[in-house]
Every structure is written in C-alpha cells, then in structure tokens.
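Undergrad: Structural data only, the sequence is not supplied:
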Ligand SMILES: Nc1ncnc2c1ncn2[C@@H]1O[C@H](COP(=O)(O)OP(=O)(O)OP(=O)(O)O)[C@@H](O)[C@H]1O
Ligand SMILES: [Mg+2]
C-alpha cells in the first residue's frame, strides 16, 4: 500500500476525568497534532501525562469532550478495525488460546477456516510464539502475552496502528528484535503508527517524529524529527548521531519528568 | 490407588472422631438416646439404603433442591447482568437486594405455603428464593468487573455491541457466575431439607422430622449423615463442572 490517505488530524483536544471521589484531572490540554499518512509517530512523556488518553481518543474508545480527531474515514466517534490497538495491559481474552485470540479479529472480518488459520499462524510466527498456539494466556509470561497481543492486532491489518508501550514487558533482546520486526512491517505496509513509550532511545530509533509531552496537564511541548529508522542500519545504536539525538530528546523529557515527580507520580 | 489412599488420608480426622465417638458410646458414658453409637447409625443408614428408603427420600429432596437451584440460576444470572448494565434496573433492585440478602429467607415459608400450597411447589419456590440472592449478586459483580480494555479490544477488532456481550462479557464474567452458583447450590440443599423439616412429608428432611417425633435418635443421626453425603456429592459435582468450564482460568494454571 502506498503512503496515502490514512493520516490522523488531531485538533484542539482537551480531555478531563472526573473521578467519583477525588478532584478532577485535566489529562490533555488543547492538544493539536497532524500525523502524516504512513508516519511512524512516537508519544513520549512522563507517567500520567495523558499518552494513553490521547491514544484511546484516537481509537474512539472514549467520548471526545472537546476538539476533533479525523482520519481518512472521517471524524472519529467509535472504535473500528481501521484502527488497531495494542493495550498497555495486553487485554487478551483469557478463555481463548493464543491462536483463537489471533483468529478473533480475522473472523470478525469474515476470514474463516484454513485461511484464518494460516494468517493467524503467520503472525504468531512473526512475534516468535510458534509452538504456543494452543496455550492459554494465563500459561504465558508477561512478555509472551504482550507478543500475542501484538500478533492479534497486526493480524487484522489496520490502516492505523495504535500501540501503548507495546514492548514494555519484554527483555532487552526480544525488545530489539520486536522493534526491528515492527519497522519491517511498517516499511512493507505503509501503516500509520502512533507509538507510546517511556524509552527515549526506542522513540528515536523507531519514529519519524516524536511528540514530547509535558507533565499534567498534558500538552505537546516539542515536536522532534528523528528519522533514524530509514537507515535500517543494525549498528545505528552505536552511532554518534543517534546518541546525540537521544541525549537531546532526553534533555527535553527530563524537565517534564522532574515536574511530574514533583506532582507526585 | 494412590489417589484413593491420599483421599482416605485426608478424611482421617473424621475416622478419628468416629472412633472416639464409638468408644464413648461403648463405654456407656452417654445414653444411646442422646447420642447413638456410630455402628447403630451406620446400621440404620444401611437399612435405609437396602430398603430403598434412602433413594426415595434423597431423590425427592434433590428434585426440590435442584429445580429450585436451576430456577434461581436461570432467573438470577440474567437479572444480575441486567442490574449491572441498566442504571434504572440497578436503582430499582439495589435496595431490594441489600434488604433481602441478609434476611433469613426461611421465614417466608408460611407465606409461600399460603400462596403455593403445601406440596412441592411451595418448597421449590422457597429454595429458589433462598438461593437467588447469591446468584444475582455474583452475576452483577462479575458483569461489572469485566476489564474495559477487553471490551475495547473486541470493538477495535470489529465486534458489534451485541458480539461484545455474547463473546466477551459472558465468558469474562463466567468465573463469577459459577461462584454465585457454587454458593447457591448448598444453600438450595439446606433450604430444601429445612423446608421439609418444617412441613413434614417425604424427603430427607421429612424423614428426620418423623424420626425426631418418634424419639428415634439413630434415625435422626442417619438423616444427618445421608444429607451430608448428598451435599458433599452435589458440591463435588459443581466443583468438577467449574474445573471443566474454566480450564483457561488462572486458578487452574498456577504459575511458579
Ligand atoms: N479513568 C480515569 N479516571 C480518573 N483519572 C484518570 C483516568 N484515566 C486516567 N486518568 C488520569 O489522567 C491522567 C493521564 O492518564 P494517562 O493514562 O493518559 O497517562 P499516561 O501518560 O498514559 O501514563 P503512563 O505512562 O503511566 O501510562 C493521569 O493523571 C491519570 O491519573
Ligand atoms: Mg499509559
């Protein structure tokens, strides 16, 4: 697929939570962001700054309170299989085996029988879970569950891929492999990716652009172009240019992390 | 074989208790009328088994308990789901449940006898009424507790709202549904026996009432033993059903 059509236009999004007890929170304050079709965009920022909230709004899971979000399919108002999501806590169906989890979305698309089986196997293989097709999620480690959730979302082949710290539960080695795997898929399919992470090097390695978000209320503080991923160079992590970039972005994030700490996160 | 031995070993406290009891009875420390010896009770149980009396009474009691129990599940689970998902139903039902749950339900027996007569129907309604609260409460908690990210995932994979209910809410809340039923099943048996003891007639409870009226203490104790065995078997069946339905659940896949 060519890189046309499926960008995300976020305009003037303000979002608050009013818990039953405790004081209301402004999670996002007037956030505007234009993500190009086929862009790999990272959201980086301290814990509690509203990264997940922004992702949920793009996904259509929460009602938009103020502002608009638009994709190629029009204004976002509901979830849909054009926007696949990998949640921070995996959200696998525990009563289904790994392969049944992956097949669920395929069946919703009308893909059944041996074709569904084959496709599911392909994505399970891609996340290196072959041999665990018949395991239940409760029988897998956290990192394996996370990979199963990634396979499940990739299998429905969404135009837009929303990922909430999808590699958070992986060991460093698997994490690196999965990052490269994701880049390969992204390059091959031209998906628009919104990728939430705490990890500065991960954001710099993967993303075209990085939104550095401020501590509560969440705003986009800086927009950084990284574009290291185009090189596909395995030694990139050691290059001075890469490390300079990581250092620079770190500086931007550090102030916000300090502020978030002061707010008690 | 090893399984059976382990099972017997687990029951050894009961054997010890029986031995002590038998010794006390043989030594003549208490009047047999107050505490009949285990061998006398066992003899009576054997007699009930051989004469078909046990089969008759147990099946009657089980019939009343199980019909009431199934009714409680068939009405209670949907009611709990409805209470969890509809605000106005919750508004209506919540105070009723808070009042009803801790109430001694058996107190309603005279009312049900008035409404439904003195035969099976009133006993079955009594069982259902006693058992339904646990089923409703657990079904409500289960439905409300379903992880919202699971619901969102299904929606993002193209599931409709109706799909989500059938394919995600029901299986996700299943462990809680079963927990409610597991609490309700012994309640059903207890209530059936209690209703029989209050109303007389056939059934394990009625037989115990009759034995008590004739000052037949081995008969009373035999009734207690028979009731316990029926309860044990029913609860074991329910546990096996849970184990089968929840093969996927973490409680049967312990880690570490
Ligand atoms: N359901 C909710 N009710 C009340 N407050 C909420 C709710 N969800 C999020 N918040 C608040 O909104 C803010 C943003 O939350 P969000 O989950 O979007 O942060 P985040 O950037 O994803 O954090 P993390 O990196 O820790 O996942 C937080 O301060 C949080 O306390
Ligand atoms: Mg988050």
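TA: It's in. Because the structure is predicted, anything quoted here is derived from the model rather than measured. Ligands and ions are numbered 1, 2, ... in the order given.

Undergrad: Chain A contacts on chain B?
TA: B:147, B:149-150, B:152-159, B:163, B:167-168, B:171-172, B:174, B:246-250, B:253, B:255 (C-beta under 8 Å from any C-beta of the partner chain). For glycine as for every other residue, the C-beta is placed from the backbone atoms N, C-alpha and C.

Undergrad: Correct me if wrong: residue B:230 contacts residue B:204.
TA: Yes: between residue B:230 and residue B:204 there is a contact under C-beta atoms under 8 Å: 7.0 Å.

Undergrad: picking up where we left off before, list only those of the residues of chain B next to chain A flagged as buried.
TA: B:149-150, B:152-159, B:167-168, B:171-172, B:174, B:246, B:248-249, B:253 (16 or more other C-beta atoms under 10 Å in any protein chain shown).

Undergrad: Can you name the residues that contact residue B:142?
TA: B:80, B:84, B:172-177, B:179-180 (C-beta atoms under 8 Å, 6 or more residues apart in numbering or on different chains).

Undergrad: ok, residue A:66 - contacts?
TA: Contacts of residue A:66 (C-beta under 8 Å, 6+ apart): A:12-15.

Undergrad: For PyMOL, write the select line for the buried members of those residues.
TA: Buried subset of these, written as a PyMOL selection, criterion 16+ other C-beta under 10 Å:
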select buried, chain A and resi 13+14+15
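
Undergrad: Of the contacts of residue A:66, which belong to strands?
TA: Among those, the members found in strands (DSSP state E) are A:12-15.

Undergrad: Pick the one among these closest to ligand 1.
TA: Taking C-beta to the nearest ligand atom as the measure, ligand 1 lies nearest residue A:15 of these, at 8.3 Å.

Undergrad: Check the average confidence over stretch B:180-199, would you?
TA: Average pLDDT, stretch B:180-199: 95.

Undergrad: what subset of the contacts of residue A:66 is also close to ligand 1?
TA: The subset of the contacts of residue A:66 lying close to ligand 1, counting by C-beta under 6 Å from any ligand atom, is empty.

Undergrad: Would you mind listing the two of the contacts of residue A:66 that lie farthest apart?
TA: A:12 and A:15 (10.9 Å; C-beta to C-beta).

Undergrad: Which elements pack onto the longest helix seen in chain A?
TA: Across chain A, the longest stretch assigned as helix under DSSP state H is helix A:240-262. Secondary-structure packing of helix A:240-262 (3 or more C-beta pairs under 8 Å, 6 or more residues apart in numbering or on different chains; DSSP states H and E): helix A:200-206, strand A:209-213, strand A:220-225.

Undergrad: How about it, which residues are buried there?
TA: Neighbour count says helix A:240-262 has A:242, A:245-246, A:249, A:252-253, A:256-257, A:260 buried, by 16+ other C-beta under 10 Å.

Undergrad: report the angle between the axes of that helix and strand A:209-213?
TA: Taking axes from the mean of the first three to the mean of the last three C-alpha atoms, to 10 degrees, one finds helix A:240-262 and strand A:209-213 inclined to each other by 20 degrees.

Undergrad: Now find how far off-centre helix A:240-262 is within its chain.
TA: Computed by C-alpha atoms, centre = their mean, to the nearest Å, the chain-centroid distance of helix A:240-262 equals 20 Å.

Undergrad: Equivalent analysis for stretch B:6-20, please.
TA: 24 Å.

Undergrad: contacts for that stretch?
TA: residue B:38.

Undergrad: which parts of that stretch are buried?
TA: By neighbour count on 16+ other C-beta under 10 Å, the buried set for stretch B:6-20 is empty.

Undergrad: Helix, strand, or coil at the spatially most central residue of chain A?
TA: Here the mean C-alpha position of chain A is nearest to the C-alpha of residue A:163 (C-alpha atoms, centre = their mean), at a distance of 1.6 Å. Secondary structure, DSSP: H, G, I helix; E, B strand; the rest coil: residue A:163 is strand.

Undergrad: now it, which residues is it bridged with?
TA: Beta-bridge pairing for residue A:163 (DSSP bridges): residue A:86, residue A:195.

Undergrad: Quick one, grab the pLDDT at it.
TA: 96.

Undergrad: before we move on, the earlier item: can you tell me which of the contacts of residue A:66 comes closest to chain B?
TA: residue A:15 (16.1 Å; C-beta to the nearest C-beta).

Undergrad: Quick check: closest non-adjacent residue to the closest one.
TA: residue A:28 (4.4 Å; C-beta to C-beta, 6 or more residues apart in numbering or on different chains).

Undergrad: What's opposite the one you found in the beta bridge?
TA: Applying DSSP bridges, one finds that residue A:28 bridges with residue A:15, residue A:218.

Undergrad: related to what we said a few turns ago, can you redo the buried residues of helix A:240-262 as JSON lines with distance to residue B:138 and pLDDT?
TA: Output for those, formatted as JSON lines (distance: C-beta to C-beta, whole Å; pLDDT from 0 to 100):
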{"residue": "A:242", "distance to residue B:138": "55", "pLDDT": "84"}
{"residue": "A:245", "distance to residue B:138": "54", "pLDDT": "88"}
{"residue": "A:246", "distance to residue B:138": "51", "pLDDT": "89"}
{"residue": "A:249", "distance to residue B:138": "50", "pLDDT": "89"}
{"residue": "A:252", "distance to residue B:138": "50", "pLDDT": "87"}
{"residue": "A:253", "distance to residue B:138": "46", "pLDDT": "85"}
{"residue": "A:256", "distance to residue B:138": "45", "pLDDT": "75"}
{"residue": "A:257", "distance to residue B:138": "43", "pLDDT": "75"}
{"residue": "A:260", "distance to residue B:138": "40", "pLDDT": "71"}
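
Undergrad: re the thing from before, ok, the residue nearest to residue A:15 touching residue A:217?
TA: Yes: here residue A:28 lies in contact with residue A:217, judged by C-beta under 8 Å, at a distance of 6.8 Å.

Undergrad: what's the distance between residue B:194 and ligand 1?
TA: 46 Å (C-beta to the nearest ligand atom, to the nearest Å).

Undergrad: got the contact list for that residue?
TA: Residue B:194 neighbours (C-beta under 8 Å, 6+ apart): B:106, B:205.

Undergrad: Where does the closest residue to chain A within the stretch 1-150 of chain B sit: helix, strand or coil?
TA: Closest approach between the stretch 1-150 of chain B and chain A, counting by C-beta to the nearest C-beta: residue B:149, at 3.7 Å. Here residue B:149 takes the helix state, with states given by three-state DSSP.

Undergrad: Please list the residues of chain B that sit near ligand 1.
TA: Residues of chain B lying near ligand 1 (C-beta under 6 Å from any ligand atom): none found.

Undergrad: May I ask you to name the longest helix in chain B?
TA: Per DSSP H, chain B has its longest helix at helix B:53-85.

Undergrad: after it, next one along is what?
TA: helix B:87-100 (DSSP states H and E).

Undergrad: What lies in contact with the very next helix or strand once past that next one?
TA: Moving toward the C-terminus from helix B:87-100, the next helix or strand (DSSP H and E) is helix B:109-116. With C-beta under 8 Å, 6+ apart as the test, helix B:109-116 has contacts from B:122, B:125-126, B:129, B:195, B:198-199.

Undergrad: and if we set it to 6 Å?
TA: Residues from elsewhere that reach helix B:109-116 (C-beta atoms under 6 Å, 6 or more residues apart in numbering or on different chains): B:122, B:125-126, B:195, B:198.

Undergrad: same check, this time on stretch B:225-235
TA: By C-beta under 6 Å, 6+ apart, stretch B:225-235 touches B:45, B:54, B:58, B:185-186, B:189, B:193, B:204.

Undergrad: now swap in stretch A:46-58 and tell me
TA: A:15, A:27-28, A:43, A:45, A:62, A:64, A:69, A:162, A:164, A:196, A:213, A:215, A:218, A:256-257, A:260, A:265.
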